[in-house]
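>>> coords please:
(2 chains)
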Amino acid sequence: NAGVTQTPKFRVLKTGQSMTLLCAQDMNHEYMYWYRQDPGMGLRLIHYSVGEGTTAKGEVPDGYNVSRLKKQNFLLGLESAAPSQTSVYFCASRTWGGQPQHFGDGTRLSIL
Amino acid sequence: QQPVQSPQAVILREGEDAVINCSSSKALYSVHWYRQKHGEAPVFLMILLKGGEQKGHEKISASFNEKKQQSSLYLTASQLSYSGTYFCGTEDSGGYQKVTFGTGTKLQVIP
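All right, here's what the predicted structure looks like:
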């Protein structure tokens, strides 16, 4: 059982470059989430999805876009990376509301 | 709006007890508790869905006071393995699609 898999695990970008982070889950979960974690800030919700083809904004959506074309995948895009987006990004999934979240191992992203 | 956790950090000796609190300004549908060790992903501990509910996990238990919009995590007879950062996550009564996390409580257990 792979659970929640994030790709890549590490990445260094230059300011202005673009990239896509991939989250894949094999548990047939409806809900998927993208969080960023910065020191002292906890986990802050970027975007989330409650089903295939749906997305919604979280607390800190600016500078990010997402897509959920397939139920098992949730993509997070940075169109023009900025140093302020240097962070650890976690993806999570769960069946539906009121259920626990399963987290991926995270992607460590540095933007120079 | 993020729930507020207290304390921000605590140091315990093995065998001592600790309480971590989580409060929200919104009416809550549920409270989640997770533990994260350095460099790892958060790991689910427990979820509380009903007001006044208490749940247990080994020597870790939690309560949820729906009226006060508060939850507390109780760690008894702490072990070295309990070290890490504890996060509460809340689902609002108005929409339980998203989970909003607090800023965390760093717990260190020393011999």
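
>>> remind me which residues of chain B are low pLDDT?
The model of chain B has pLDDT under 70 over residues B:50-57, B:95-96.

>>> kindly recompute the last result at 90.
With pLDDT under 90 as the threshold, chain B has low-confidence stretches at B:1-2, B:26-29, B:49-59, B:65-68, B:92-97.

>>> what parts of it come near chain A?
Neighbours of chain A within chain B, by Cβ under 8 Å from any Cβ of the partner chain: B:2, B:29-30, B:32, B:34, B:40-44, B:47, B:49, B:87, B:89, B:91, B:96-104. No exception for glycine: its C-beta is placed from N, CA and C like everyone else's.

>>> rerun at 10 Å
Taking Cβ under 10 Å from any Cβ of the partner chain as the contact definition, chain B meets chain A at B:1-3, B:5, B:8, B:29-30, B:32-34, B:36, B:39-47, B:49, B:85, B:87-89, B:91, B:95-104, B:106.

>>> please pick the buried ones from these.
Neighbour counting with 16 or more other Cβ atoms under 10 Å in any protein chain shown marks B:2-3, B:5, B:29-30, B:32-34, B:36, B:41-42, B:44-47, B:49, B:85, B:87-89, B:91, B:96-104, B:106 as buried within the residues of chain B next to chain A.

>>> narrow the residues of chain B next to chain A to those in strands?
If you go by DSSP state E, the residues of chain B next to chain A have B:5, B:29-30, B:32-34, B:36, B:43-47, B:85, B:87-89, B:91, B:95-101, B:106 in strands.

>>> partner residues bridging the closest residue in space to B:Ala9 that isn't next to it in sequence?
Closest residue to B:Ala9 apart from its sequence neighbours, by Cβ to Cβ, 6 or more residues apart in numbering or on different chains: B:Lys106 at 4.4 Å. Judged by DSSP bridges, the bridge partners of B:Lys106 are B:Ala9, B:Thr85.

>>> spit out the contact partners of B:Lys106.
Shown in contact with B:Lys106 (Cβ atoms under 10 Å, 6 or more residues apart in numbering or on different chains): A:40, B:7-11, B:36, B:38, B:83-86.

>>> now, among these, which is nearest to A:His29?
Of all the contacts of B:Lys106, B:Gln36 has the smallest distance to A:His29: 20.4 Å, by Cβ to Cβ.

>>> so how far is B:Ser83 from that closest one?
11 Å (Cβ to Cβ, to the nearest Å).

>>> same check, this time on B:Val109
Counting by Cβ to Cβ - B:Val109 and B:Ser83 are separated by 5 Å.

>>> quick one, what contacts the spatially closest residue to B:Pro7 that is not a sequence neighbour?
Once flanking residues are discounted, B:Pro7 sits nearest to B:Thr105: 6.2 Å by Cβ to Cβ, 6+ apart. Residues counted as contacts of B:Thr105 (Cβ under 10 Å, 6+ apart) are B:5-10, B:18-22, B:35, B:73, B:84-88.
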